[in-house]
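Undergrad: just to be clear, the model below is a prediction. Sequence and coordinates:
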Amino acid sequence: MVQQGIQIIQIEDKTTVINNTPYQIFYKPQLSVSKPHSGKEYFHVPDSATFSICPGGEQPALQPSSLPCWDLMPDIGPSVLDASLLQKQILLGFSPAAGADSSQCWSLPALVKQEFPRQSVAVPLGNSRENGFCTRAIALTYQEHFGVTYLTLSEDPSPRVIFHNRCPVAVLIKENIKDVPKFEVYCRKIPSESSVHHELYHQVSSYPDCKTKDLLPSLCLRTELPDEITSEWSDAVDINSQGTQVVFLTGFGYVYVDVVHQCGTVFITVAPEGKAGLILTNTNRTLEKTIAFRVFITQLSLAVSDDLTHHRASSELLRLTLDNVFLHMAPVAGVLPGEEPAAALFQLHCVEVYCGDLQLDNQLYNKSNFHLLSWSAREKKQSLLSFPKGQSLLASSRDLEEYKGELFYQASSHLN
């Protein structure tokens, strides 16, 4: 724009970072040249500007933080004039590590683009471990609203892929991509005797159109040898088929790769021959399916009518009315008294039925609306009226237990 004969160039990037996690997160926003065909296997963390955002905490109103700037990478020179070749990426970490040893403290770059609305980023924990994991799964979501870009960080409750490395050496994982990738895809390093979270390029690029029946790409494995010696990649591992596969790693030997699909997550365990027995016993089995549901019915009415005596009009004989009916079905832990241990292999479910008001009406005269109350059962009717609606009862376990204690009829049964 021009003001009073002076040309003013204003560069403004409206990007806001929101932290929904209970952790302080450090991030490196970078602007680099897109090189999807570079063929690089490793990502070297460049020395760039580092910023942090405080944890979200328990406050209802989160404090967003405006992204200060995008740091230019060394690969951007005067010859790069096409803006379409530039890409925004962000690195996440739990410590502001810098220097040559900082690569183990920063995640792989996550592309900041509307084309990728959600990514599961594996953020390293540095030298610490958390239940055997050396990473935390953080979901990065991209949203635009009135010209402002919102990057939201939250804990990912269901990571796409989890790698367990039971080998005494570090293992590299490479994804076999058939099509031309839209951005650089790097190898995932799994330290020895550790577990990491991961998300395949296929899952990132196809979200949210990724279907459960889509075939996942195969993976190749390689050991990380000392003295910068490069070993060969193993044969392709099919992660679509559950079970155990055997592959040979150059410089180490044969390893067992066990694949298990559970609740939308692919668990991949790599173990040497000496530790394969535990894997075959614990993970190579049929997965159990758990069924649980809750149903709240405000009023349920059943009627018995006579359609034979009067052909032109139906005559109601009996009507059973149930108020505040609650059905609950959930799996039961443990074995019932007197049950054989072999039967415990099958999941037991407990079905509970609660009723607050039961009334049976008998019609005294034909073709009339007069009903004779023949039987009624209710208890603490006034207290039932003070309870919230069924939606809030299902959300609060404490209110639900109090509500069930006020109902007059309770019945339960176990199903195998």
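TA: Good, I have the coordinates.
Undergrad: tell me the mean pLDDT over the strand or helix carrying Cys220?
TA: Assigned by DSSP states H and E, Cys220 belongs to strand 219-223. Strand 219-223 carries an average pLDDT of 91.
Undergrad: in the stretch 151-300 of the chain, which spans are helices?
TA: In the stretch 151-300 of the chain, the helices defined using DSSP state H, counting those that start in this stretch lie at 201-206, 276-282.
Undergrad: lowest average pLDDT across these?
TA: Note on those: helix 276-282 shows the lowest mean pLDDT, a mean of 53.
Undergrad: distance check, the nearest residue to Leu215 once chain neighbours are set aside against Leu219.
TA: Distances taken as CB to CB, 6 or more residues apart in numbering place Asn240 nearest to Leu215, at 5.5 Å, with adjacent residues excluded. C-betas here are computed from N, CA, C, even on glycine. Per CB to CB, to the nearest Å, Asn240 is found 11 Å from Leu219.
Undergrad: who's more crowded, those two?
TA: Neighbours were counted for Asn240 and for Leu219 using other CB atoms under 10 Å; Leu219 has more, 23 against 13.
Undergrad: do you know how far the more buried one is from Asp238?
TA: Distance, Leu219 to Asp238, by CB to CB: 9 Å.
Undergrad: looks like Tyr254 contacts Val247 (just checking).
TA: Yes: using CB atoms under 8 Å, Tyr254 makes contact with Val247 at a distance of 7.2 Å.
Undergrad: tell me which of those two has more neighbours.
TA: Under the criterion of other CB under 10 Å, the comparison of Tyr254 against Val247 puts Val247 first, with 17 against 12.
Undergrad: what residues go with each domain of this protein?
TA: Split into domains by automatic domain parsing, the chain comes to 1-156, 158-287, 293-415.
Undergrad: who's in contact with Ile129?
TA: One correction, residue 129 is Arg, not Ile. Ser194 (CB atoms under 8 Å, 6 or more residues apart in numbering).
Undergrad: I'd like the distance between it and Ser194.
TA: On the measure of CB to CB, Arg129 and Ser194 end up 7 Å apart.
Undergrad: give me the low-pLDDT residue ranges for the stretch 201-350 of the chain?
TA: The stretch 201-350 of the chain contains residues with pLDDT under 70 at 209-213, 226-230, 275-291, 310-311, 333-347.
Undergrad: switch to 80 and redo it
TA: 208-214, 224-231, 274-294, 296, 306-317, 324, 328, 330-349 (pLDDT under 80).
Undergrad: what's the first helix or strand after the longest strand along the chain?
TA: In the chain, assigned by DSSP state E, the strand with the most residues is strand 315-332. Downstream of strand 315-332, the first helix or strand assigned by DSSP H and E is strand 348-363.
Undergrad: in the sheet, which strands lie alongside that next one, parallel or antiparallel?
TA: strand 315-332 (antiparallel), strand 371-378 (antiparallel), strand 409-415 (antiparallel) (DSSP bridges).
Undergrad: report the buried residues of stretch 157-170.
TA: Buried residues in stretch 157-170, counted by 16 or more other CB atoms under 10 Å: 159-167, 169-170.
Undergrad: actually stretch 259-272, not the one I typed
TA: Within stretch 259-272, the residues that qualify as buried are 259-260, 266-272, counting by 16+ other CB under 10 Å.
Undergrad: show the end-to-end separation of it, please.
TA: By CA to CA, to the nearest Å, the extent of stretch 259-272 from end to end equals 15 Å.
Undergrad: now do stretch 106-113
TA: First-to-last distance for stretch 106-113 - CA to CA - comes to 20 Å.
Undergrad: was I right to think Ala292 contacts Val332?
TA: No: Ala292 lies out of contact with Val332 (CB under 8 Å); the separation is 10.7 Å.
Undergrad: strands of the stretch 101-250 of the chain, residue ranges please.
TA: Secondary structure of the stretch 101-250 of the chain (DSSP state E, counting those that start in this stretch): strands at 110-111, 118-124, 135-145, 148-155, 161-165, 171-175, 188-190, 194-198, 219-223, 243-249.
Undergrad: now do the fifth one: which elements does it pack against?
TA: Think strand 161-165. strand 188-190, strand 194-198, strand 265-272 (3 or more CB pairs under 8 Å, 6 or more residues apart in numbering; DSSP states H and E).
Undergrad: so what strands line up beside the last one?
TA: Put plainly, it is strand 265-272. strand 161-165 (parallel), strand 253-262 (antiparallel).
Undergrad: ditto for the first one
TA: Partner strands and pairing direction for strand 188-190 (DSSP bridges) are strand 171-175 (antiparallel).
Undergrad: measure Arg118 to Val246 for me?
TA: To Val246, Arg118 is 35 Å away according to CB to CB.
Undergrad: next one: Ser218
TA: Per CB to CB, Ser218 is found 15 Å from Val246.
Undergrad: would you mind telling me which of these two has more residues around it?
TA: More crowded of Ser218 and Val246, by other CB under 10 Å: Ser218, with 15 against 12.
Undergrad: what about that one, distance to Ile190?
TA: Look at Ser218 and Ile190: by CB to CB, they are 17 Å apart.
Undergrad: do Val45 as well
TA: Val45 is 18 Å from Ile190, where distance means CB to CB.
Undergrad: flag the shaky bits of the stretch 1-150 of the chain, pLDDT-wise.
TA: Where the stretch 1-150 of the chain drops to pLDDT under 80, the residues are 1-13, 33-47, 56-85, 97-103.
Undergrad: ok, the closest residue to Gly253 other than its chain neighbours - contacts?
TA: Setting aside the residues directly before and after it, Gly253 is nearest to Pro272 in space (CB to CB, 6+ apart), at 7.1 Å. If you count contacts by CB under 8 Å, 6+ apart, Pro272 has them with 166-168, 252-256.
Undergrad: okay if I get those residues as a markdown table plus distance to Gln143?
TA: Formatted as a markdown table, these follow (distance: CB to CB, whole Å):
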| residue | distance to Gln143 |
| --- | --- |
| Arg166 | 39 |
| Cys167 | 40 |
| Pro168 | 44 |
| Phe252 | 44 |
| Gly253 | 48 |
| Tyr254 | 47 |
| Val255 | 42 |
| Tyr256 | 42 |
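Undergrad: closest one of those residues to Ser315?
TA: Tyr256 (72.5 Å; CB to CB).
Undergrad: bridging residues for that closest one?
TA: According to DSSP bridges, beta-bridge pairing links Tyr256 with Val246, Ala271.
Undergrad: that one reaches Leu249, doesn't it?
TA: No: contact criterion CB under 8 Å: Tyr256 and Leu249 do not qualify, at 11.2 Å.
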